[in-house]
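> with the sequence up front, the predicted model follows.
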Amino acid sequence: MNKFKLTFLAVLSAFSCEMQAGGILTNTNQSIHFNRNFARCGTIGIDGVYSNPAGVAFMPQGLHISFNWQNAYQTRTINSGISVPALEGTPYYQPFKLNGGNEQGIKEFEGEAAVPFLPSLQAVYNMDDHWGFQFNFAITGGGGKCTFNHGLGSFERSIAMIPAMLYQQGMTTDQPGYSVNSYINGRQMVFGLQLGATYKFNDHLAVYGGARFNYISNSYKGSITDITANIGGQNVRLFDYFTAQAEDYKLKAAGYLAQAEAMKTSNPEMAAQLAAAAEKYSQGAATMDQTKQQFADRHLDCTQTGWGITPIIGVDYKWNKLNIGARLEFTNHLNIENDTERDDTGLFQDGVNTPGDLPGILTVGAQYEILPQWRVMASYHYYFDKDAKMDKDKQKLLSGNTQEFLLGTEYDITDAIQVSVGGQRTKYGLGDGSFLSDMSFVTSSYSIGFGAGIKVTKKVMLNVAYFWTNYETFDKEYTQEIGGMPVKCTDSFTRTNKVLGVGVDVSL
């Protein structure tokens, strides 16, 4: 009877999984101008409040306001596999086959993230020939909820091993299988409020100094319920099965103990044997009670909050048809605190703080006017990801910092209609993939965006844009131990991203 305790405690020892906020994705699409032409770090415009704040000093005097609305839709797909070398040649060699996996033992887990309303607001007041003041509000990281209605491979691998554990204990069946109801919903938001000022030395040179107040709000809700496995030809809910086993053992223990008491005087030797049997079943009942808890329904409800300030400096140089801009955002060191309503995993203790720094960014860009109506742009982004401390120093698993290369062009069809297109290459330093998990991952990508600006009046411009991102697939292989058995695991990560946006610029 003790074998059940040892076996199933080992199986469920990997039940909990990492769900901390993570990732190195920073939102740079804070305006529709960016969506239709990504290379904005050397341009002069209202969107420069984020991308080239020093260049905003060269805008006309007065008040300029830009409101932007974006609708984003993303998917995250992980094709996960697990194989048990010691059980090759048996139905338990590739456990995911027992619950929806394909012929290669791979199971797909897909999450969807929809952001119907992603707003941003930029405002500039250039008061004279020298001074200007800026305001920006946007969601600088995250921005939506991602839901995995069927859980994740990291959730399910341990549960998928249960039939193999039953097999090893001689609890064979002609129809091995298991099932589980698994769900996770995660939301990550970084709200950014930026204030700053520009000083224009002359018609060629301007500088910027400011800061962004960041407020982080994350939420994780999830559950793993109704774990079942096929025992004796029937698919049974394991919590109920071991509960029934415990009750059966308790009844037998009580029966043997009553018989031992009745025979204590008339047959002491038999009474001792019956008492020993009662003790054996009593211990078995305790083991079954402990074992069933490994299969109890588990739930998580945790929010995380934190705040910090990012200092920002910038410079812009303008000469005839050429404009060059640069910006430096310093790494924002901060902690994120758990506010936990329920945590059956034991990983999210209420009040615990974990590091969740926002990486610094260095950008440089240039714009050149080929013709009065035609401009070309190029930009470069460098993120200091390895300087941004994460939980358990996860950032050390990166092989390098993120780099982005951006190109774009803009053409005035008429005085009232402007079109633009741009491309972006994002390259992450993911190394061997140890940094990635199915709860938090990025892959290198290409993005293409296009759109138009339409002057409704002399003071009002309407911007529309659409962009999509083509993500690479990153394959990861690793080994781990589940239930005392070495297993080989694979994960194949990829994503999709599509964004539609509309904005209005107003100059007063």
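Yep, it's here.
> run through the strands of the stretch 351-500 of the chain in chain order.
Applying DSSP state E, counting those that start in this stretch to the stretch 351-500 of the chain gives strands spanning 353-355, 361-371, 374-383, 400-412, 417-429, 445-455, 460-471, 474-482, 485-507.
> tabulate the ones you listed (TSV), appending distance to Glu261.
Heads up, the C-betas are built off the backbone N, CA and C, glycines and all. TSV is the format used below for the strands of the stretch 351-500 of the chain (distance: least, CB to CB, whole Å):
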stretch	distance to Glu261
strand 353-355	56
strand 361-371	78
strand 374-383	75
strand 400-412	74
strand 417-429	71
strand 445-455	74
strand 460-471	71
strand 474-482	45
strand 485-507	44
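> how far does stretch 115-123 sit from its chain's centre?
Here stretch 115-123 is found 21 Å from its chain centre; the criterion is CA atoms, centre = their mean, to the nearest Å.
> just the pLDDT at Ala197, thanks.
Looking at Ala197, its pLDDT is 98.
> same check, this time on Tyr183
Value listed for Tyr183 in the pLDDT field: 89.
> quick one, what contacts it?
Thr147, Phe148, Asn149, His150, Gly151, Gly222, Ser223 (CB atoms under 8 Å, 6 or more residues apart in numbering).
> what residues are up against the residue lying closest to Pro355 once chain neighbours are set aside?
Leaving aside its chain neighbours, Pro355 sits nearest to Lys389 (4.3 Å; criterion: CB to CB, 6 or more residues apart in numbering). For Lys389, the contact set (CB under 8 Å, 6+ apart) comprises His333, Pro355, Asp357, Gln395.
> any idea how far Lys389 lies from Thr354?
Taking CB to CB, to the nearest Å as the measure, Lys389 falls 10 Å from Thr354.
> ok, back up a step: out of the strands of the stretch 351-500 of the chain, which gets nearest to Gln70?
Closest approach to Gln70 among the strands of the stretch 351-500 of the chain (CB to CB): strand 485-507, 4.0 Å.
> partner strands of that closest one and their direction?
Here strand 485-507 is paired, per DSSP bridges, with strand 62-83 (antiparallel), strand 460-471 (antiparallel), strand 474-482 (antiparallel).
> any idea of the angle it forms with strand 445-455?
20 degrees (axes from the mean of the first three to the mean of the last three CA atoms, to 10 degrees).
> show me the contacts for the closest residue to Asp412 other than its chain neighbours.
Setting aside the residues directly before and after it, Asp412 is nearest to Gln373 in space (CB to CB, 6+ apart), at 4.0 Å. Applying CB under 8 Å, 6+ apart to Gln373 gives the contacts Tyr411, Asp412, Ile413.
> what's the neighbour count on the first one?
Going back to what we said before, that points to Tyr411. Around Tyr411 there are 15 other residues, counting by other CB atoms under 10 Å.
> now the closest residue in space to it that isn't next to it in sequence: how far from Ser420?
The shortest distance from Tyr411 to any non-neighbouring residue, by CB to CB, 6+ apart, is to Trp374 (5.1 Å). Separation of Trp374 from Ser420 (CB to CB) stands at 11 Å.
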